[in-house]
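1. I'll drop the sequence and a predicted model, then ask my questions.
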Amino acid sequence: MSYSPAPAREAPLRGAQSSDPPAEAAAIAKAADGHFWAEGQVNGSRVRFLVDTGASSVALTPMDAQRLGLNTGRLIYDTPIHTANGDSLAARVRLASVSVAGARMRDVDAVVVGRGLPSSLLGMSYLGRLSRLTATQDTLLLQP
């Protein structure tokens, strides 16, 4: 919706065998609100992310975490975090896979934020594993 994917294909992880063909870059267009929104797949389920290079980790809202099958009532919210909406506590989790427009990463560290996060964030625990992240005035390019 808010991104224009390159030709659909699953991207190999960084460090994959050199015989793998290079993956195409995925393009995410800037939305009318001035933000970059990405439709992603987490553990096979759809999640709408706000792309946030200032977030050290992928951060999930409790509602998104529940939709992914995480039992948010059993998580341990012991990690202090600072958000634009104030301080909160988060629970550390590991996501089996996160994919945005074909750029797929496995075993991605993430947090579930207890309160105060209006939307899930695509942070640096995913973005930092890309081989390249390029920003222009109206497009983000993700190179697996």
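-> That came in fine, so what should we check first?

2. the bottom helix or strand of this protein by mean pLDDT?
-> Using mean pLDDT, DSSP states H and E, the weakest-scoring helix or strand in the chain turns out to be strand 3-4, at a mean of 28.

3. what's the first helix or strand after it?
-> strand 26-29 (DSSP states H and E).

4. and that next one, what other elements does it pack with?
-> If contacts are counted by 3 or more Cβ pairs under 8 Å, 6 or more residues apart in numbering; DSSP states H and E, strand 26-29 sits against strand 3-4, strand 139-143. Quick note: C-beta positions are derived from backbone N, CA and C, even for glycine.

5. of those, flag the one that's most buried.
-> Most buried of those by mean neighbour count (mean count of other Cβ atoms under 10 Å) is strand 139-143; its value is a mean of 19.

6. tell me the buried residues in the longest helix belonging to the chain?
-> Counting residues, the longest helix in the chain under DSSP state H turns out to be helix 62-67. Across helix 62-67, burial judged by 16 or more other Cβ atoms under 10 Å covers Pro62, Asp64, Ala65.

7. how about residues contacting the helix or strand just after it?
-> Remark: after helix 62-67, the chain's next helix or strand is strand 79-83, criterion DSSP H and E. Strand 79-83 has contacts (Cβ atoms under 8 Å, 6 or more residues apart in numbering) with Ala59, Asp87, Ser88, Leu89, Ala90, Ala91, Arg92, Val111, Val113, Gly116, Leu117.

8. just the buried members of the residues you listed?
-> Applying 16+ other Cβ under 10 Å to the contacts of strand 79-83 flags Ala59, Ser88, Leu89, Ala90, Ala91, Val111, Val113, Leu117 as buried.

9. please name the residues that touch the fourth one.
-> Contacts here follow Cβ under 8 Å, 6+ apart; on that basis Ala90 touches Ala59, Tyr77, Thr79, Pro80, Ile81, Val111, Val112, Val113, Gly114.

10. what's the closest non-adjacent residue to Ala57?
-> You called it Ala, but residue 57 is Ser. In this structure, Ser57 finds its nearest non-sequential neighbour in Ser125, 4.4 Å apart by Cβ to Cβ, 6 or more residues apart in numbering.

11. where's that neighbour, which helix or strand?
-> Counting by DSSP H and E, Ser125 is part of helix 124-127.
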